[in-house]
Every structure is written in C-alpha cells, then in structure tokens.
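K.L.:
compute the structure for the input listed below.
(2 chains)
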Amino acid sequence: MSTGDSSTPIGKARGLGSAREGGEHWLTERVTSIALLLLGTWFIASILLLPKLDPATLLEWLRAPSGAIPMALLVVVGFKHALDGMKVFVDDYVHEPGSNFVINTLLLFFAVAGGAISLYALAVLSFGAAS
Amino acid sequence: MIVSILHRATGIALSVAGLAVLTWWLMALAHGPEAYATFEKASHSWIGLVVLIGLTWSFFQHLLSGIRHLVMDTGAAFELGVNKTFAILTIVGSVILTALLWAWLLGVRP
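P.N.:
Coordinates of the predicted model:
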C-alpha cells in the first residue's frame, strides 16, 4: 500500500490495481469460501445423518455445542460471504457512485440484520427463554 | 461461460433465498412447535420443495464451481480441454449430489 511521498514509485503502486482498492475484499471472499466449504459440508452431512428432522431431534442437535458452534459460524461466515459476493455483483452493474453507495449500504444493513436475527434465534433455542 | 454465469446466479439465489430460508428455519425452531409447524407446512408444499431442491442444487453448484475458481486462482486448469471438462463436471456433480440428497431425504432414509 502507498506510504506517502517518501516511498519509491514501485512502493506506491504495489498492491494497487486500477481500482486502487479491493485486494482485501478479494482475499476475504476466498478465505470465507474455504470456511464455508467446511461448514456447508458439515451442515449437509448433519442433515443427512440426523435420524429424523422433527423439532425435537433438530433442537437436540443445535443445543449441543457440537451443533450450536458450527451453526453460529455458518451464519456469520455465510452472511459475510453473501455480502462480499453481492458487492461484486452490484459493483459490476451499478456504476453511478450515489446509487452504488446506497445499494451497497442497504445490502450491508440486510446482511447484518439477517445475521443478528439468526444468531438471536440460535441463542433462544440454545438457552431457552421466549418460546 | 455458462458455469461462470451459474456461479453468480446461484450465489445470488443462496444469498437472498438461501439465507432467508435459513433465518426463517432458525427462528421457527426457536419459537416453538407451532411456529415450526408453519415452516414445515410451507417446506412440504410442492412450491416449498421446488425452492428447497433449487437451493440444494444452487448450493452444490456454487460449491463445486467455487472449488474450480479456487483452483484457477492458483493459475491452474486454464488449458482449454481441462477447463471445459472441469466446468462440465461441476454441473454433473451438482445434479448428482442434489438427486442423491433428495432421494435420501424423501425415500431411502430408514
């Protein structure tokens, strides 16, 4: 990244593509994708291996730490990866800076809200309370 | 080309419908048997099944073509033949995995 006037020309340019940013985003998208490869496989395998898919069985599965923790991670990493992916899509098609900002901000709000609702649900079903 | 478009389309489907269903499912579980019964009724209707099977296929397609993209990020598999075979395999794989999963859920599971 650029470190100001004292850096050499190559030092200023390094890490900056024509967009001047995005390296971080690109890498995060890949790291979360690898995490989701594991978490997604865990989720599908769990659904397949559960003896039944009735509420009692599902709750027993998700109340145990072995279910609750990966599920919380799946929610957080899933929403993050979805947000990063949607941003790529929006940036490709919405070029007007104002609209781009508005849509990306709305997506951020939706992703954070969705993640919060899912984690809240997971907390309620794990620790009881409102039923 | 088609696999690249599918990667986007399935990514959007999973982001919008997939996460919405996941959130609904967790909320329904948290809110007790009645709420869960509503979710179950919707998911067992034919339109619910179409959505769930569609999301399952989207998941496998996105996962497999995601692996393909990760491999290509390393600079590998750009040769025309290899690249095309890999692309076709993602579709064949996602359809087979979806079929197996739903065969298991809807019938084979003891």
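
K.L.:
what about B:A77, which SS state?
P.N.:
Here B:A77 is coil, with the state taken from DSSP: H, G, I helix; E, B strand; the rest coil.

K.L.:
tell me, how many residues neighbour it?
P.N.:
15 (other C-beta atoms under 10 Å in any protein chain shown). C-beta coordinates here come from the backbone N, C-alpha and C atoms, glycine included.

K.L.:
against B:L70, how distant is it?
P.N.:
Distance of B:A77 to B:L70, computed by C-beta to C-beta, to the nearest Å: 10 Å.

K.L.:
now for B:T10: which residues touch it?
P.N.:
By C-beta atoms under 8 Å, 6 or more residues apart in numbering or on different chains, the residues touching B:T10 are B:57-59, B:61-62, B:65.

K.L.:
and it, what element?
P.N.:
Assigned by DSSP states H and E, B:T10 belongs to helix B:2-13.

K.L.:
can you list the buried residues in that helix?
P.N.:
The neighbour-count check on helix B:2-13 (16 or more other C-beta atoms under 10 Å in any protein chain shown) flags B:3, B:6-7, B:10-13 as buried.

K.L.:
tell me the helix or strand right after that helix.
P.N.:
Next helix or strand after helix B:2-13 toward the C-terminus (DSSP H and E): helix B:19-30.

K.L.:
quick one: average pLDDT of that next one?
P.N.:
Across helix B:19-30, pLDDT averages out at 96.

K.L.:
need the contact partners of that helix.
P.N.:
Counting by C-beta under 8 Å, 6+ apart, A:55, A:58-59, A:62, A:71, A:75, A:78-79, A:82, A:114, A:117-118, A:120-122, A:124-125, A:130-131, B:35-36, B:38-39, B:51-52, B:55 sit against helix B:19-30.

K.L.:
for that helix, which positions count as buried?
P.N.:
B:19, B:21-30.

K.L.:
ok, those vs B:K84, which is closest?
P.N.:
The nearest member of those to B:K84, counting by C-beta to C-beta, is B:L19 at 31.8 Å.

K.L.:
where does the chain have low pLDDT?
P.N.:
Because you didn't say which chain, this covers chain A. Within chain A, the segments meeting pLDDT under 70 span A:1-5, A:12, A:15-20, A:129-131.

K.L.:
that's the wrong chain, I wanted chain B
P.N.:
In chain B, residues with pLDDT under 70: B:110.
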